[in-house]
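Visitor: Sequence first, then the predicted structure:
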Amino acid sequence: MKYVLKSSAPTRQPFDLSRELNAQQLAVVEADPGEILVLAGAGTGKTRTLTYRVARLVAGGCQPERILLCTFTNRAAREMVGRVESLLGVEMRRCSAGTFHHVGNRILRRYGAAIGLSPDFGILDPEDARTLLGAVVAEFGLQTLTARRFPQPKVLANLISLAANTRKPLLQVVEEHGLRLLDQAVMVEEVAVRFAERKRQMNVCDFDDLLLHWLRLLEDPRLAEVAALVRSAYDHVLVDEYQDVSAIQGALVDAMAKEHGSLVCVGDDAQSIYGFRGADFAQIAEFRARHPGARLYPLTINYRSTPEVLALANRSIARNVKQYPKELVAVKKSGPKPAVIPLRDVFQQAEFIAQRVLELHHEYDLPLSRMAVLYRNHSHSLELQVELTRRQIPYTVRSGLRFFEQAHIKDVVAYLRARQNPQDSLSWIRLLRLWPGVGAQTAEQLAVLLAKETAAGTASSAQVLAEQAGQARGRARPALERLAELWALLENPDLRSPGAMIREVVARHYGEYTERNFPNAAARKDDLEHLAGYAERYDGANEFLSELALVQGMSAENVLGAEEPDDMLVLSTVHQAKGLEWPICFVLWLAEGRFPMATSVRDPADLEEERRLFYVAATRAADELYCCYPVIEETRDGPSHIMRPSRFLVEIDHNPAVFERWQIEEAPATG
């Protein structure tokens, strides 16, 4: 007896596409299967379009399990699949929808035996992977193999991951990103090889392995039959946020669609901004070179921003050479032109934003949460965070911890606290633990001894450290000798500037420490330089530390009540803000050398990514956009210098005008 399972797909479409979608979106949804690149500009409804494309495939008779939908978050996949279920009334749980890692896990469970991976393999989360990597480093005894410490597991993990995602040899990645690790590059590679061996022995995969092994199934010529099975499981491949895929993810997409050729990639080349973490702009930029017969569908009807905001964004991104030319068209009514606002310095910049936020909040009854302040680097928000705290304006930082709460800031400030108050045992313990060979118990004992000797006046901190270095063993001895030398310099009465103290700590210890302990060492050192510049406005370390304590204290206590307020101004890096929108956006530090960064202007590709970053910042604004920059910057050597406005503002074709310049006047003080 035969029993026929009926298709769960509906016999007719229960929705009218022409009423649900605009003409551009409809063209994508109704396009015949093939290789398709959808160039979806900011605010043009790309998620809606991709969702309806999936719905139409299912409504047309495709079984959900024959669809592969790759997204950058599992939440995005769930929302799209859930919307399809609502539209069609069809169970979609068998659809392979999720992140690349999620999909890779499912495929390896089924086909991984072909490469020696059992179906019950375990998955190491990033913390577990670092722990295992640390164990491998310990097996090599690498902490004592060289005069300088071997990099920490999280730095190694970042380099190994970058090699996997860029498909570059690890030695090349170390050369490009490893800072001071070139002297140990060979050992780094040996550790990586042993790390891979240990994972195989343990029958586990880390996140990158889920992609590497999946790609091996598709590309290894000895596994051609398995590759055919993997590909044949799907009739359609769809990819969201295609501009953010890495080289390995792009290779997976191409390989999965190789046979059936039904591929829809949705992305915006103008919003490709994650090159620093492995995104490969070439995947979207060279799509037609890899897929010569591909069709391109633009989505340019913008539902988010006013015509005035889009005019500035369009003019700016038009300067990029390597791109798919397109112009966003606004649906919304006209609003005010974006404002370009030169401010005297970073402190006036902070004062302006705080005042304007309060005006919009009180006079126009606009919730604080409907406003955002965006910046290129987290350090650019330092002065603003201080000003907001002083004015009791609640804010939340999307880009991470508040500036002064970050580990590297607290580490370096601990040096100044201990320098000014040798009895501060907590600061001593924190900074001593940063040195190799100094464990928790040793740090606590040293902190007690330093407090006792300095309080009695029998010895300076530098003398105590030097004496203890002579009695120390192993790696602690050279470490304490270096610390004693640094402390002698910090205790020099001629060294009064807290900014100069911070720079000495970074130059003689903490700079190297960041390179061996943090994957984003360059960004952290930039934060510390900004901290040093901020500290220079104070006459001495005590004044600086007192101000810091007051600001942190005001941040810690809730100035508006016992609980954290629901309505808070949003502070965010532009990278963290991508995909979001606010009626009002302020963009900070639009000055040459800051946005774009000075390091990016030497490479045309890097500069174009910086311009794309500005484009993303501008297109977060729905109604009003304020572009701010300080005219004067205090330098570390004393004299101030004039800041030039960002080329992203200067280069914009201003005929007709797309922004207006504001002149800031200071009201006379009233007594």
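Guide: Right, received. Where do you want to start?
Visitor: how about the residue nearest to residue 232 when sequence neighbours are not counted, secondary structure?
Guide: Of all residues not flanking residue 232 in the chain, residue 259 sits nearest, at 7.0 Å (CB to CB, 6 or more residues apart in numbering). From N, CA and C alone the C-beta is placed, and that goes for glycine too. Using DSSP: H, G, I helix; E, B strand; the rest coil as the criterion, the local structure at residue 259 reads coil.
Visitor: same question, residue 622
Guide: Residue 622 ends up strand, using three-state DSSP.
Visitor: Burial check on it, number of neighbours?
Guide: Residue 622 has 20 neighbours, counted by other CB atoms under 10 Å.
Visitor: now it, nearest residue through space, not along the chain?
Guide: Closest to residue 622 by CB to CB, 6+ apart is residue 583, at 4.8 Å.
Visitor: cool, residue 643 as well?
Guide: In space, residue 643 comes closest to residue 591 once its chain neighbours are excluded; the distance is 4.3 Å by CB to CB, 6+ apart.
Visitor: What of residue 650?
Guide: Using CB to CB, 6+ apart and skipping the chain neighbours, the partner closest in space to residue 650 is residue 644 (7.7 Å).
Visitor: Next: residue 274.
Guide: residue 244 (5.4 Å).
Visitor: how near is residue 217 to residue 101?
Guide: 15 Å (CB to CB, to the nearest Å).
Visitor: Between the two, which is the more surrounded one?
Guide: residue 217 (22 against 19).
Visitor: what's near enough to touch that one?
Guide: 107-108, 111-112, 114-115, 223, 226-227, 230 (CB atoms under 8 Å, 6 or more residues apart in numbering).
Visitor: excluding its backbone neighbours, what's nearest the spatially most central residue of the chain?
Guide: For the chain, residue 575 is the residue whose C-alpha lies nearest the centre (CA atoms, centre = their mean; 5.5 Å). Distances taken as CB to CB, 6+ apart place residue 273 nearest to residue 575, at 6.3 Å, with adjacent residues excluded.
Visitor: The one you found: what's it in contact with?
Guide: 279, 574-575, 578, 609, 612-613, 616.
Visitor: re the thing from before, just to check, the residue nearest to residue 274 is in contact with residue 72?
Guide: Yes. Using CB atoms under 8 Å, residue 244 is in contact with residue 72, at 6.2 Å.
Visitor: These two: who's more crowded?
Guide: residue 244 (23 against 19).
Visitor: Okay, domains of the protein per the record?
Guide: Per the TED database, the domain ranges recorded for the chain read 17-113+210-299, 122-202, 329-394+566-661, 405-551.
Visitor: any chance of those in a markdown table, with mean pLDDT and distance to residue 3 too?
Guide: Formatted as a markdown table, these follow (pLDDT from 0 to 100; distance: least, CB to CB, whole Å):
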| stretch | mean pLDDT | distance to residue 3 |
| --- | --- | --- |
| domain 17-113+210-299 | 94 | 17 |
| domain 122-202 | 82 | 38 |
| domain 329-394+566-661 | 92 | 46 |
| domain 405-551 | 86 | 56 |
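Visitor: With distance to residue 306 added, can I get those in a markdown table?
Guide: Listed next are these as a markdown table, based on distance: least, CB to CB, whole Å:
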| stretch | distance to residue 306 |
| --- | --- |
| domain 17-113+210-299 | 11 |
| domain 122-202 | 38 |
| domain 329-394+566-661 | 4 |
| domain 405-551 | 33 |
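Visitor: give me the number of residues near the residue nearest to residue 232?
Guide: 13.
Visitor: swap in residue 1?
Guide: Residue 1 has 2 nearby residues by other CB under 10 Å.
Visitor: got it, and residue 666?
Guide: By other CB under 10 Å, 8 other residues sit near residue 666.
Visitor: Can you tell me the element it falls in?
Guide: Counting by DSSP states H and E, no helix or strand carries residue 666.
Visitor: Residue 327 too?
Guide: Using DSSP H and E, residue 327 falls outside every helix and strand.
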